[in-house]
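Student: My questions are about this predicted structure, shown below with the sequence.
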Amino acid sequence: MRSVANLRPSSEKSGRHLRAVPDDAQSALWDSRELDRLARLRQLAIETGAPADALRLIDTAATAGEAIDLLTDAGFMPTETESGEGLLSWFAPLLEPDCDELEAEICGSEFVAELRRAAPPNLDVADVLRDIIEGFGAHPRPEALAMMRVLSAIGPEHLRVMAASAAAQMKRLGLSDPAWTAGIGVPTFGRCFGYTDVYGEQRSIVITFRYGPKTHAIIVLIDYLLGGGIKDCYVADYTESLRAEYQKIGHDPEVVFSDLDAAQARAILAEALSREPCPVEPDQIDDVESYIDLLRARVAVLPVASAPAQPAKAKPASGATAKAAASRRAAGPKNVHRVKMTLRGAKPPIWRRFEVRSDITLGRLHKVIQTGFDWQDYHLHAFETADGRYGIPDPDDELDTRSDAHKKLSAVADWPGDRIRYTYDFGDNWELDIVVEAVLPGEPGVRYPRCTGGRRAAPPEDSGGVWGYAEMLNVLANPDHQEHESMLMWLGIETAADYDPERFDFDLVNMDLSYMSRVLVKS
């Protein structure tokens with residue numbers, strides 16, 4: 001187990017030694033695979049800053065193995081014993097009496113990270129780990145057995161069986177496992193939760209788990225603007241204050257907090273792990289290098305979504321069973337969806353919050369949107385949902401838009417956290433992110449739909465999209481602008497003060513909604 005990364009200058013002078021290549025090395029010399037190994041060894045020496053004398057020694061060798069022996073004899077590389085002892089010093093904390101499952105996992109994850117940091121870009125760390133596993137399998141030590149147990153839980157997936165086999169071999173030779181090995185890699189999972197911004201640009205997820213009585217968390221940040229990979233991940237001790245902090249962040253109008261079941265968290269994180277990591281800040285880079293292997297292992301053992309059960313004849317439910325079933329039932333005709341609609345790309349944010357019947361059609365929801373954003377329904381619109389695209393059908397439409405006249409909101413977004421996209425005016429391209437915040441029972445005597453909040457005036461019709469609207473505000477704010485007067489005329493106002501972009505009156509919106517509002521539950 002020798003590492004060219006440990007090449008160091010020799011204190012002794014070294015000259016170039018011209019030597020004949022032995023006959024028994026001729027076949028290896030001409031073996032293309034051996035030549036490739038020797039070339040990679042030389043490149044690795046260059047990339048790790050090896051001195052010129054070390055490169056000259058490599059040039060005199062016929063094989064990579066001979067080159068390593070020459071470098072070791074000259075003091076440019078540690079001996080096999082020195083390399084082994086250096087690695088074992090990494091594993092020593094695993095034998096401490098107070099070491100537990102999580103500490104062992106972190107030790108292993110940081111060890112793999114250190115190998116990754118030290119390795120040149122063209123060196124696969126998995127190959128180095130394979131050599132380490134093979135080497136210690138033949139030279140058992142208690143520290144090595146402990147690390148084999150860790151690697152069998154959080155190492156690269158294709159090497160876990162190999163590490164487990166090496167550990168089993170050491171056990172047969174009389175070594176004993178540390179106490180923590182019985183439970184490593186199989187924690188008990190707790191709740192999962194997180195938040196996402198309404199623009200779908202970033203998402204944070206917390207997975208809680210425990211070994212014994214203490215609860216821990218892996219905190220993950222995903223950045224969809226940077227490709228959808230892991231931007232940050234780290235381990236923390238879990239307390240309820242962490243969840244409270246996330247819920248507080250969710251009060252921001254641009255952020256949505258939500259609970260996730262384990263299968264949802266697994267699906268989201270597995271997709272992110274399939275993409276290139278995208279850390280930016282130095283601490284993020286360090287965190288991702290140190291903990292991404294542990295994150296992969298944790299996600300791999302999260303529960304998966306169970307397969308749908310085969311249909312069976314239902315028996316009438318009663319009592320507590322009926323109440324439990326009702327709590328899981330999809331939103332019904334007496335329920336209300338609380339939805340938040342945010343204009344995508346608007347800075348500062350422009351949003352509205354509505355409560356609508358859960359069985360409202362998308363066609364009527366379109367009318368609610370038009371009223372809430374003070375638009376005039378002059379243009380086409382469409383809803384993008386997981387179930388397809390809905391709006392006004394057109395035989396020439398290549399996007400296969402289906403009618404929204406009868407499709408219910410509850411059929412395309414039935415649970416808190418579900419989201420759909422609404423686009424209005426395919427020229428200006430106003431896009432609303434619609435997020436279901438809650439599904440609630442209708443209140444007696446209350447008329448739905450109703451607006452319960454919002455911020456800032458919506459852009460006027462035909463103002464050119466979010467960029468055109470921003471330019472409109474700039475023109476209004478500058479009386480010397482050459483288009484200032486024509487903008488006043490276009491808006492039908494006398495002075496710029498007559499248009500207030502901060503103004504929003506939800507009482508006025510509710511008055512305008514009154515023509516379509518109805519009492520859902522009688523008093």
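Tutor: Structure's in. What do you need? Numbers count the residues shown, from 1 in each chain.
Student: Over to Trp351: give its phi and psi.
Tutor: Trp351 adopts backbone torsions of phi -150, psi 160, taken as degrees, to the nearest 10.
Student: quick one: low-confidence ranges for the stretch 351-500 of the chain?
Tutor: Along the stretch 351-500 of the chain, the model assigns pLDDT under 70 to residues 396-398.
Student: show me where it has helices.
Tutor: In the stretch 351-500 of the chain, helices defined by DSSP state H, counting those that start in this stretch lie at 362-372, 409-412, 465-477, 484-491, listed in chain order.
Student: Would you mind giving the ones you listed as TSV with mean neighbour count and distance to Ile249 added?
Tutor: For every residue, glycine as well, the C-beta is placed using N, CA and C. Shown next, in TSV, are the helices of the stretch 351-500 of the chain (neighbours: other CB atoms under 10 Å; distance: least, CB to CB, whole Å):
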stretch	mean neighbour count	distance to Ile249
helix 362-372	21	25
helix 409-412	21	27
helix 465-477	16	24
helix 484-491	14	37
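Student: Among these, which comes closest to Val336?
Tutor: helix 409-412 (10.5 Å; CB to CB).
Student: now for that closest one, which elements pack on it?
Tutor: Using 3 or more CB pairs under 8 Å, 6 or more residues apart in numbering; DSSP states H and E, the elements in contact with helix 409-412 are strand 335-343, helix 362-372.
Student: Is it possible to get CSV of these that adds distance to Ser258?
Tutor: Shown next, in CSV, are the helices and strands packed on helix 409-412 (distance: least, CB to CB, whole Å):
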stretch, distance to Ser258
strand 335-343, 12
helix 362-372, 21
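Student: Figure out which of those is closest to Asp433.
Tutor: strand 335-343 (5.0 Å).
Student: Show the average pLDDT along stretch 127-141.
Tutor: Here stretch 127-141 scores 75 as its mean pLDDT.
Student: Check stretch 169-186 too.
Tutor: 86.
Student: buried ones in that stretch?
Tutor: Buried residues in stretch 169-186, counting neighbours by 16 or more other CB atoms under 10 Å, are found at Gln169, Met170, Leu175, Asp177, Pro178, Trp180, Thr181, Ile184, Gly185.
Student: can you give me the offset of it from its chain's centre?
Tutor: Distance of stretch 169-186 from the chain centroid (CA atoms, centre = their mean, to the nearest Å) equals 33 Å.
Student: Residues touching it, excluding its own?
Tutor: For stretch 169-186, the surrounding residues in contact (CB atoms under 8 Å, 6 or more residues apart in numbering) are 94-95, 99-101, 103-105, 137, 140-142, 144-146, 148-150, 152-154, 167, 211, 297, 301.
Student: again with stretch 401-410
Tutor: 330-332, 335, 337, 339, 356, 358-363, 365-366, 382-383, 387-394.
Student: And for Tyr199, the neighbour number?
Tutor: When neighbours are defined as other CB atoms under 10 Å, Tyr199 has 16 of them.
Student: now do Ala166
Tutor: Neighbours around Ala166, by other CB under 10 Å: 26.
Student: Equivalent analysis for His381, please.
Tutor: 23.
Student: I'd assumed Ile392 was in contact with it.
Tutor: Yes: proximity of His381 to Ile392 meets the contact threshold set by CB atoms under 8 Å, at 7.5 Å.
Student: How about the contacts made by Val519?
Tutor: Gly445, Val446, Arg447, Tyr448.
Student: want to throw the helices of the stretch 351-500 of the chain into TSV with distance to Asp507?
Tutor: Formatted as TSV, the helices of the stretch 351-500 of the chain follow (distance: least, CB to CB, whole Å):
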stretch	distance to Asp507
helix 362-372	12
helix 409-412	24
helix 465-477	24
helix 484-491	23
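Student: three-state assignment of the residue nearest to the spatial centre of the chain?
Tutor: For the chain, the residue nearest the mean C-alpha position is Ile222 (3.3 Å; CA atoms, centre = their mean). With DSSP: H, G, I helix; E, B strand; the rest coil as the basis, Ile222 sits in strand.
Student: Glu502 looks like it's in a strand, true?
Tutor: No: Glu502: not assigned to a strand; according to three-state DSSP it is coil.
Student: From the structure, what's the count of residues near the residue lying closest to it once chain neighbours are set aside?
Tutor: Leaving aside its sequence neighbours, Glu502 sits nearest to Arg456 (CB to CB, 6 or more residues apart in numbering; 5.8 Å). Residues near Arg456, counting by other CB under 10 Å, number 17.
Student: Contact partners for Arg456?
Tutor: Taking CB under 8 Å, 6+ apart as the test, what Arg456 contacts is Ala346, Pro348, Pro349, Ile350, Trp351, Pro501, Glu502, Arg503, Phe504.
Student: hang on, the earlier thing: just the ones of the contacts of stretch 169-186 in strands?
Tutor: Using DSSP state E, Tyr211 are the members of those that sit in strands.
Student: From the contacts of stretch 169-186, keep the buried residues only.
Tutor: 94, 99-101, 104-105, 137, 140-142, 144-146, 148-150, 152-154, 167, 211, 297.
Student: show me what contacts Val256?
Tutor: Tyr195, Thr196, Asp197, Val198, Gly250, Lys340, Gly417, Val435, Glu437.
Student: What pLDDT does the model give the third one?
Tutor: Spelled out, that is Asp197. For Asp197, pLDDT reads 82.
Student: what residues are up against Gly427?
Tutor: His379.
Student: What of the one 4 residues further on?
Tutor: When contacts are counted by CB under 8 Å, 6+ apart, Glu431 is found next to Leu343, Arg344, Gly345, Arg421, Tyr422, Thr423.
Student: Relative to Ile493, which of the residues you listed is nearest.
Tutor: Nearest to Ile493 among those, with distances taken as CB to CB, is Leu343, at 21.7 Å.
Student: Report how many residues lie close to the closest one.
Tutor: 21.
Student: Pretty sure it sits against Trp430.
Tutor: Yes: with contacts defined as CB under 8 Å, Leu343 counts as touching Trp430 at a distance of 6.7 Å.
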